[in-house]
Structures are given as structure tokens and as C-alpha cells.
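J.: coordinates for the following, if possible.
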Amino acid sequence: MTETTNEAVTTEAQLKKEFDDLYMHIFKYIGDFVSIPTQKYNLTFEAFMVMDNVARSKNGQTLVELAKLEGVSKSAIARQVNVLLKENYVMQKVDPNDRRVKYITLTAAGSRVQRNLSEATDERFHRWLEFFGGKEEAERFIRVLHQANERAVAAGFVGFDSLHDKRRNSNKSRSHGHTNE
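T.: Residues are numbered from 1 along each chain as shown. I've put the predicted structure just below:
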């Protein structure tokens, strides 16, 4: 029985080592890979994704709508929108019926940047698809990532912010009888 236990520990240690290596050599650089086209416009890929969602809307999007579309908190979207406002890629229009509601819309410059980035990211995606070994291999990889995301959501991790929201995580731990020690 001791031998089986040691093998399980070794297997977990090997899996952790493989995970760490893959993170350092693959996952960490996926963000860099997709972000390269956005850098010349002083944007992150996340900010581009916000622009893309705004571009798909005829009348603009509110922060709440954008947060729902992106699956992140309103404050996370507000940070991206602030960058886009600073770069003059978006503007806020006040709803004439409810002055508390502001719609985010693209400026003329933002529309040009969004189109350019959309073309550039499409081209990078096609390069990734070829590199990955074709559509079937990419689909298999995406299915595994979807499964990981579904499990993370089921565990209470919704968007990047929740991984770092100590109040939210500590409240969940307390409600499940765990501590954060």
C-alpha cells in the first residue's frame, strides 16, 4: 500500500511539474501571442475584446452589458473602458431617458482601430490554427479548455477578478467550513 501511495504522490508531482512547465512555455505566452497586434495601439487584448463587443452593438453598450458579455466584473470592464477613453477609441453617451445610464460607443478612430485589429487577430488565429495542426486538434484543445472553464465556474471562479477577490473567496471558504490559512 505504501508503494501505491508513493506512486500517486510521484504522479501528482510529475503532473504538477508538467503543468508548471506548460504554463511557463505555452499558456503564459498565448496572451502575449494574441496581444502583439494590440500593442501598437497601446491596448491589451482584453481592451480590444471590449471594443469588439461595442462594435457589434448598434447603439453602444453599458458597462453592465459589457461585463455580462465578457463574464467579468463591472470594475474590470470599467478599467478597460478607461483605457479606451484615454486613447480616444470610445466615448460615453448619456441615455436621454435616464441620465444615470451611459452607453459606450466607438469613436471614428476607435472604429478604424477595431477593424485593423480584427483583421490582424484573425490572421494570427489562422497562423495559430495551422501551427496547432489543423481544425480538429484545435477543437480538441478548445474542448478541454471549455471543460476546465466550466469546472472553474462551478467552483465559484467567475472571471479573473474572482481568483483575486479575497473577500469573495474568504466568504465562500467560511461558508463551506474552510479557512484561508
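J.: ok, now how distant is the closest residue to Ala138 other than its chain neighbours from Phe33?
T.: Leaving out its chain neighbours, the residue that sits closest to Ala138 by CB to CB, 6 or more residues apart in numbering is Phe132, at 4.8 Å. To be clear about C-beta, it is placed using only N, CA and C from the backbone, and glycine gets the same treatment. As judged by CB to CB, to the nearest Å, Phe132 and Phe33 stand 12 Å apart.
J.: by contact count, what packs against the longest strand along the chain?
T.: The longest strand of the chain (DSSP state E) is strand 98-106. In this structure, strand 98-106 packs against helix 45-55, helix 63-70, strand 90-95, with contacts taken as 3 or more CB pairs under 8 Å, 6 or more residues apart in numbering; DSSP states H and E.
J.: which residues are contacting the longest one?
T.: Residues outside helix 45-55 that contact it (CB atoms under 8 Å, 6 or more residues apart in numbering): 31, 34-35, 38, 43, 60-61, 66, 69-70, 77, 80-81, 83-84, 89-90, 104-106, 110-111, 113-114, 117-118, 121.
J.: repeat for stretch 11-31
T.: With CB under 8 Å, 6+ apart, stretch 11-31 has contacts from Phe45.
J.: just give me how far it sits from the chain centre.
T.: 19 Å (CA atoms, centre = their mean, to the nearest Å).
J.: alpha carbons of that stretch, as CSV, please.
T.: Only the C-alpha atoms of stretch 11-31 are listed here, as CSV (Å, rounded to 0.1, in the frame of the first residue of the first chain):
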residue,chain,number,x,y,z
THR,A,11,2.4,11.0,-10.4
GLU,A,12,0.9,14.2,-8.8
ALA,A,13,4.4,15.7,-8.5
GLN,A,14,5.1,14.8,-12.2
LEU,A,15,1.7,16.3,-13.2
LYS,A,16,2.5,19.5,-11.3
LYS,A,17,5.9,19.7,-12.9
GLU,A,18,4.4,19.2,-16.4
PHE,A,19,1.7,21.8,-15.6
ASP,A,20,4.3,24.3,-14.4
ASP,A,21,6.4,23.7,-17.5
LEU,A,22,3.5,24.1,-19.8
TYR,A,23,2.4,27.3,-18.1
MET,A,24,5.8,28.8,-18.5
HIS,A,25,6.3,27.7,-22.1
ILE,A,26,2.8,27.7,-23.6
PHE,A,27,-0.1,29.2,-21.6
LYS,A,28,1.8,32.3,-20.4
TYR,A,29,2.7,33.1,-24.0
ILE,A,30,-0.7,32.6,-25.5
GLY,A,31,-1.7,36.0,-24.1
